[in-house]
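Engineer: My questions are about this predicted structure, shown below with the sequence.
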Amino acid sequence: MGFPGTWMTESESVVYRVVPKCACSTIGQIMYFSDHGQFFDGDIHDSTTGLHKWSQEASQPLIEKNVKKHKSYAFTCVRNPYTRILSSFFDKICGIQRNGKRYRGNLVPLLVQKYGIEVGGDDGKQDFDQIKSFRRFLLFARDTIRWKKPMEPDIHWSAMSGHVSTFIVNGGRYDHIFFTEHFNEGMQVVLDHIKTPHKVNLKKIPKFNESEGHGPKRLHPVEDYFDDLSRHLVWEIYKRDFQLFKYDFDNPGNKFPLGEIDLDEVHAKLGE
């Protein structure tokens, strides 16, 4: 199995387990900058040099050796499940992707046909009932996660605990897990624990939101998208995320965590 979704600086100063839709573009660029003194020109997900990634064959033995011996500080970052699934909907389902096409080719036509979802027309810019369409998307997301139908679950809406756990199950251990909602404080903890070839000043780092502008703007407060049925589905999909990462299930309008993450609990529950 190895360590899918794991990135490491070339200097091996730090190891990061990517969790999609949780500030991964910004984190990747910070790691790249900390080694090279400049940002990657483009989306960091497209880089094939300058950063070790498990998806690059040559990087795998280096990452595996490092993680299994816990040679470097290892971390990841999580996000409120309500805002994460909403972000996935507007970016991946309603949005036009970097290549000028719809995400995953025939996925959106399938959703339109089977679930009656609207996405704002061919360019994603026309008006549509965002709340109704999102709730139908949530049914689809649940179907993919629960029954793997009509397709396997996508990394952008599969549970964070699933991403986080592969690192633990295969022999890794996290030194820190922080919240997207408290990004600067959490990332600063990481930087305070590592030595990098180039110093990183978080106050001067731009936010690299690669999904911004892909899709329509969210027109309503977060809580308006989640009625009783939607919240039931969210609990079914993300129960572990709420519990382990201390987010507020009862109030979709509160994006902030209710407490600190217990790393020992995360390792115990996700290492089974």
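Structural biologist: Yes, it's here.

Engineer: Which parts of the stretch 101-250 of the chain are strands?
Structural biologist: Secondary structure of the stretch 101-250 of the chain (DSSP state E, counting those that start in this stretch): strands at 176-179.

Engineer: Low-confidence ranges, it, go.
Structural biologist: Low-confidence segments of the stretch 101-250 of the chain, defined by pLDDT under 70: 210-214.

Engineer: which residues of it fall in helices?
Structural biologist: 107-115, 130-147, 160-169, 183-192, 228-245 (DSSP state H, counting those that start in this stretch).

Engineer: can you tell which of the ones you listed is closest to P153?
Structural biologist: P153 sits nearest to helix 130-147 of all these, at 4.2 Å, using Cβ to Cβ. C-beta coordinates here come from the backbone N, C-alpha and C atoms, glycine included.

Engineer: will you turn the helices of the stretch 101-250 of the chain into JSON lines that also has mean neighbour count and distance to T26?
Structural biologist: Formatted as JSON lines, the helices of the stretch 101-250 of the chain follow (neighbours: other Cβ atoms under 10 Å; distance: least, Cβ to Cβ, whole Å):
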{"stretch": "helix 107-115", "mean neighbour count": "15", "distance to T26": "26"}
{"stretch": "helix 130-147", "mean neighbour count": "18", "distance to T26": "24"}
{"stretch": "helix 160-169", "mean neighbour count": "20", "distance to T26": "17"}
{"stretch": "helix 183-192", "mean neighbour count": "16", "distance to T26": "7"}
{"stretch": "helix 228-245", "mean neighbour count": "17", "distance to T26": "19"}
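
Engineer: Of all those, which one is nearest G124?
Structural biologist: Here helix 107-115 is closest among the helices of the stretch 101-250 of the chain (Cβ to Cβ), at 9.5 Å.

Engineer: now the strand or helix carrying E64, how far from the centre of its chain.
Structural biologist: Using DSSP states H and E, E64 sits in helix 60-69. On the basis of Cα atoms, centre = their mean, to the nearest Å, helix 60-69 sits 22 Å off its chain's mean C-alpha point.

Engineer: what mean pLDDT does it have?
Structural biologist: Averaged over helix 60-69, pLDDT sits at 98.

Engineer: list the buried ones in that helix?
Structural biologist: Residues of helix 60-69 classed as buried: 60, 63-64, 66-67 (neighbour count, 16 or more other Cβ atoms under 10 Å).

Engineer: Great, nothing more from me.
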